[in-house]
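>>> From the sequence below, what's the structure:
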Amino acid sequence: MKTAPGSQRGAAMIVALVSLTVVSIFSVTVLTTVVEEGRGVNIDFDRSQGLKTADGLVDIGEQQLVHAVANFIPFTAPPVGKPWLVLTGTYAMDNIDGTWDVHHATRLQGGVAVPIPNGSDVDPISGLTRILEYYRIEAVVNHRSSRVRVSREVRVSKIPIFQFLAFYDDDLEILPGPAMNLNGRVHSNGDQYLAPGTSLTVDSKYLRTAGSLFRKRKDSTSLPTGWIKVRDAAAGGPLDTLWSKADLTSMGIGSINGLDSRFTGWDIDGNFVFNLPGEMDPFKSEVTQIFNGSVQTGEHGVLPIAHPQVGSLQPYESFVGGDFVAGAIAGTYTPVPAGTGTHRKGYFHDNASLIINGNNVYDTNGNDITALLPATFRTTQTVWDQREGKWSTTTRLNLARLWDMDGNTSTLDPSPYRPLNGLIYATRSESTSSTPNGITVSAGSQINIPDKWNTANYGGTSPKYPGSPPVGAYSFGPAENTGISVVSNCPMYVHGDFNTINKKPSAVIADTVSLLSNAWNFTKGPGQTVTASNTTYNLAMITGNKATAGSAYSGGFENLPRFHENWTGKTATIKGSFVCTWRSQIAIGAWVYGGAYYSAPTRTWSYDTVFDAGQLPPFTPMVIETDRLSYSLSL
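Below you'll find the predicted structure:
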């Protein structure tokens, strides 16, 4: 039977429609699959970008935490619902936005989250005492359709900066001509250049740099021939030698400078295995074998240690939402309604019990008390600074008048305005690099009220003083036993014996620190020479310097405290700590030796071990290290 033509066309159309439907379904399925896979790729890409951003924000949070702790920046007042929040920040760019928060780390106690308490420990090799605090840093990032949450728990170690005999943020150069003995920890965030003319002994289990260690000068290619010995970190370890180029040559070993960061090993057979007689491992491995951890560099994993920046030294520092604005006269600041200003007081200025600004003296509340202090406490004294090539007008502080107003040692009359918390801040608003005016600290041989007025020093089986206490004596408390810290953003001159009677933990912190001997009488003028006398300074110092540039030597560690006299044959005894964490802003003259500038003293310098026992100068800054304890991720 024949099928009608129309029926055939209809059947063909039905088949075509069915085929088209199948193809359409297949195409839609394929297209759907491609779209879904594309979405998956996009989602994975968004998550990847979000994760990278979140990790970066957590790093930023950690950096801001370290910066805040090191520089005395107050934490954020926690909002409702976030009781442990201390810092926070935001981020936005293109299709990515996010936040980072820093919280006190917590743990559950009775089902309630409580902050992990602070702790402390002692590093087993270095002996550094560390205050431990715990924080959680969290970042949340949104990138298109993805949301990423990253959390990191860190331990912040706060180390008193005066637990180091020498701490440098920049390169540290120790290039003494005569023999030098250092009995404390030595750290630099930059490189170290050790090149003694005679000898250098580091009697410490801590000689570390976050950079490289070079057994040479920085300002030239010369290799001084003095030997270097460092204490072995092993129990009862000896003083071991850090070999010079001459030492290695005598062993038949070639080197550039000796055993330092440029020493790549001595490989006789060229197989990069240093096990034959006469072969020597590269620097990293060799010093580890010799010193057992005392000598370490960035190659060993030493990282830079955060520290207070120079801003904390200034009388005022930039701060959005502060209480002051810059005045019409450079260096002056005017109070404004709280939170509406552009500046706030620097940390030391803000916390000082006694503030000296030029010719005026203020208490901690800003009251002018100049007329209430002995007239001889604050005077004006000019100093010729040969290194700067300028006269410096200084505010001279007679510290003795704070503890004994009339100078009569038989009567007890300390000033009621003496710094009970031990902190004095002094500045001169007109001080600049072209007019390097500063502060002179005099009559500081005895810090705080003489202890003959302490009844605890009389009677008993081993009295410090015989007989009965004088009329007016009383039992001293913490305020009377506190040392002193004198801080200035200007150059500071410390005149004469300092803190030598009944020594107390004390410090000076300034743009630069110059040491004037007992013989200095303020008569030196341009081109003149003054002969020094033996002088002792029991103090820690934080100061700036002028860095070595090319062949222009900075003066090095041995000239961190500046000298201005002929010290030949005389001794400058310093017991304390030497810290250099900034470049000088005001006293920027280049180091020059000899003639009217100065000649070097016999340096009897040592670390004051009472700092290890927690007896620290008032308001000792902290350096900061962090350890990452845990990490979590939520996509």
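
>>> Domain map for the chain?
Following automatic domain parsing, one gets these domains for the chain: 35-146, 163-300, 308-351, 352-448+483-613.

>>> pLDDT averaged over the shortest one, what's the number?
When the per-residue pLDDT values of domain 308-351 are averaged, the result is 91.

>>> Compute the first-to-last residue distance for that domain.
One end of domain 308-351 sits 15 Å from the other (CA to CA, to the nearest Å).

>>> do stretch 490-498 as well
Per CA to CA, stretch 490-498 runs 19 Å from first to last residue.

>>> Can you show me the strands along the stretch 201-350 of the chain?
207-209, 213-214, 227-231, 239-241, 295-296, 316-322, 324-326, 333-335, 341-345 (DSSP state E, counting those that start in this stretch).

>>> which one of those lies closest to Trp582?
The closest of the strands of the stretch 201-350 of the chain to Trp582 is strand 316-322. By CB to CB, the value is 13.5 Å. The way it works is simple: take the backbone N, C-alpha and C, and place the C-beta from them, glycine included.

>>> mind listing what's buried in that closest one?
Of the residues in strand 316-322, 316-317, 319, 322 count as buried by neighbour count, 16 or more other CB atoms under 10 Å.

>>> Among the domains of the chain, which comes closest to Arg155?
domain 35-146 (5.7 Å).

>>> What's the mean pLDDT across the closest one?
For domain 35-146, mean pLDDT rounds to 89.

>>> before we move on, the earlier item: now tabulate the strands of the stretch 201-350 of the chain in JSON lines and tack on distance to Gly278.
Output for the strands of the stretch 201-350 of the chain, formatted as JSON lines (distance: least, CB to CB, whole Å):
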{"stretch": "strand 207-209", "distance to Gly278": "27"}
{"stretch": "strand 213-214", "distance to Gly278": "24"}
{"stretch": "strand 227-231", "distance to Gly278": "22"}
{"stretch": "strand 239-241", "distance to Gly278": "18"}
{"stretch": "strand 295-296", "distance to Gly278": "23"}
{"stretch": "strand 316-322", "distance to Gly278": "59"}
{"stretch": "strand 324-326", "distance to Gly278": "67"}
{"stretch": "strand 333-335", "distance to Gly278": "68"}
{"stretch": "strand 341-345", "distance to Gly278": "64"}
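
>>> For Ala113, which of those strands is the nearest?
strand 316-322 (30.0 Å).

>>> returning to what we had before: adding distance to Phe476, write the domains of the chain out as JSON lines.
What follows is these, written out as JSON lines (distance: least, CB to CB, whole Å):
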{"stretch": "domain 35-146", "distance to Phe476": "26"}
{"stretch": "domain 163-300", "distance to Phe476": "26"}
{"stretch": "domain 308-351", "distance to Phe476": "23"}
{"stretch": "domain 352-448+483-613", "distance to Phe476": "9"}
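
>>> Of all those domains, which one is nearest Ser632?
Comparing those by CB to CB, domain 35-146 comes nearest, at 9.2 Å.

>>> now that closest one: how far from the chain's centre is it?
23 Å (CA atoms, centre = their mean, to the nearest Å).

>>> From here on, call the first residue 158.
Okay, residue one is now 158; in that scheme the one you just asked about reads as domain 192-303.

>>> Of the domains of the chain, which is nearest Glu310?
domain 192-303 (5.1 Å).

>>> Of all the domains of the chain, which one comes closest to Pro623?
domain 509-605+640-770 (16.6 Å).

>>> What's the end-to-end length of the closest one?
First-to-last residue span, domain 509-605+640-770, CA to CA: 24 Å.

>>> sorry, back to before: so which of the strands of the stretch 358-507 of the chain gets nearest Ser591?
strand 481-483 (19.4 Å).

>>> before we move on, back to that, which one of the strands of the stretch 358-507 of the chain lies nearest to Ser763?
Once the strands of the stretch 358-507 of the chain are compared by CB to CB, strand 384-388 is nearest, at 14.5 Å.

>>> hang on, Val226 is in a strand, isn't it?
No. Read with DSSP: H, G, I helix; E, B strand; the rest coil, Val226 is helix and lies in no strand.

>>> what's the helix or strand for the closest residue to it other than its chain neighbours?
Once flanking residues are discounted, Val226 sits nearest to Ile781: 5.4 Å by CB to CB, 6 or more residues apart in numbering. Assessed by DSSP states H and E, Ile781 sits inside strand 779-791.

>>> List the buried residues of that strand.
Applying 16+ other CB under 10 Å to strand 779-791 flags 779-783 as buried.

>>> can you count the residues close to Asn232?
Not quite, residue 232 is Phe, not Asn. Residues near Phe232, counting by other CB atoms under 10 Å, number 13.

>>> residues in contact with the closest residue to it other than its chain neighbours?
Setting aside the residues directly before and after it, Phe232 is nearest to Val243 in space (CB to CB, 6+ apart), at 3.9 Å. By CB atoms under 8 Å, 6 or more residues apart in numbering, the contact list for Val243 reads 222, 225, 232-233, 235, 259-261, 292.

>>> Just give me the closest of the residues you listed to Ala403.
Nearest to Ala403 out of the contacts of Val243 is Leu222 (CB to CB; 47.6 Å).

>>> Skipping adjacent residues, who's closest to that closest one in space?
Nearest non-adjacent residue to Leu222, counting by CB to CB, 6+ apart: Val259, 5.1 Å away.

>>> Helix or strand next in line after the one helix or strand the one you found maps to, which one?
In the assignment (DSSP H and E), Val259 maps to strand 253-261. Using DSSP H and E, the helix or strand that follows strand 253-261 towards the C-terminus is strand 263-266.

>>> Within its sheet, name the partner strands of that following strand and how each one runs.
Strand 263-266 pairs in its sheet with strand 269-272 (antiparallel), by DSSP bridges.

>>> Buried residues in the strand it pairs with, which are they?
Pro272.

>>> ok, back up a step: for the strand holding Val259, which outside residues touch it?
206-207, 210-211, 214-215, 217-219, 221-222, 239, 241-249, 272-273, 291-300.

>>> For stretch 743-755, C-alpha coordinates in CSV please.
Extracted C-alpha coordinates of stretch 743-755, given in CSV (Å, rounded to 0.1, in the frame of the first residue of the first chain):
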residue,chain,number,x,y,z
ILE,A,743,69.6,66.9,64.7
ALA,A,744,73.3,66.3,65.5
ILE,A,745,74.3,65.0,62.1
GLY,A,746,77.9,66.0,61.9
ALA,A,747,80.4,63.5,60.5
TRP,A,748,82.7,61.5,62.8
VAL,A,749,86.2,62.9,62.9
TYR,A,750,89.1,61.7,65.1
GLY,A,751,91.9,63.6,66.7
GLY,A,752,93.0,67.2,67.3
ALA,A,753,90.2,69.5,68.7
TYR,A,754,87.6,66.8,68.0
TYR,A,755,88.6,64.1,70.6
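
>>> pLDDT of it, averaged?
Stretch 743-755 comes out at a mean pLDDT of 97.

>>> In it, which residues are buried?
743-746, 748, 753-755.

>>> biggest separation within the residues you listed, which pair?
So, the buried residues of stretch 743-755 by CB to CB: farthest apart are Ile743 and Ala753, at 21.3 Å.

>>> on that earlier part again, which of the contacts of strand 253-261 are buried? Put it as a ChimeraX command.
Under the burial definition 16+ other CB under 10 Å, those of the contacts of strand 253-261 that qualify are selected in ChimeraX by:
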select :206,207,210,211,214,215,218,219,221,222,241,242,243,244,245,248,272,273,291,292,293,294,295,296,297,298,299,300
